[in-house]
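Colleague: Turn this into a structure:
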Amino acid sequence: MSNTFAPAEKSLLVVCLCAAWCGVCGEYRARFEQVRALFPQAQFLWLDVEDEADLLHPLDVENFPTLLLALGPEPRFLGTLTPQAQTLERMIRSQLQDASAKPLTERATVDLVARIRAEKLA
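Modeller: Alright, predicted model coming up:
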């Protein structure tokens, strides 16, 4: 399968929401970076929920790791996942292969994607 992907307006955003004090997050970070290397066309971010509380507000992340996936401006997934590289890779491939999947429509999540893209990727 090719890793080529479409224009920036439809770029895949992969955000891991974690906390510095979380042992699971610390262990997961290397796996997250490993998967990043497989998808150079996607934008990956690691955000500490405490350092980025203003950016993430009103989202309250209670379980780690929490993942946000967005295709262009459209959030596609927001939730916890098992901290395994294979799980993350499978989720990313799913988003890249099915660009017609229905986006999440909750306003707070849509706004969060817009804030992250504007403040962290501009």
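Colleague: Leaving out chain neighbours, which residue sits closest to E89?
Modeller: What sits nearest to E89 in space, not counting adjacent residues and going by C-beta to C-beta, 6 or more residues apart in numbering, is V35, at 5.2 Å. For every residue, glycine as well, the C-beta is placed using N, CA and C.
Colleague: Quick check: the one you found is in a helix.
Modeller: Yes. Counting by DSSP: H, G, I helix; E, B strand; the rest coil, V35 is located in a helix.
Colleague: which residues in the protein form helices?
Modeller: Taking DSSP state H to define them, one finds helices in the chain at 23-38, 53-56, 85-97, 107-120.
Colleague: of all these, which lies closest to L17?
Modeller: helix 53-56 (7.1 Å; C-beta to C-beta).
Colleague: Output that closest one in PDB, but only the C-alpha positions, please.
Modeller: The C-alpha atoms that make up helix 53-56 are tabulated as PDB, following Å, rounded to 0.1, in the frame of the first residue of the first chain:
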ATOM      1  CA  ALA A  53      -5.200  22.900  29.200                       C
ATOM      2  CA  ASP A  54      -6.200  26.200  27.600                       C
ATOM      3  CA  LEU A  55      -6.100  24.800  24.100                       C
ATOM      4  CA  LEU A  56      -8.000  21.700  25.000                       C
END
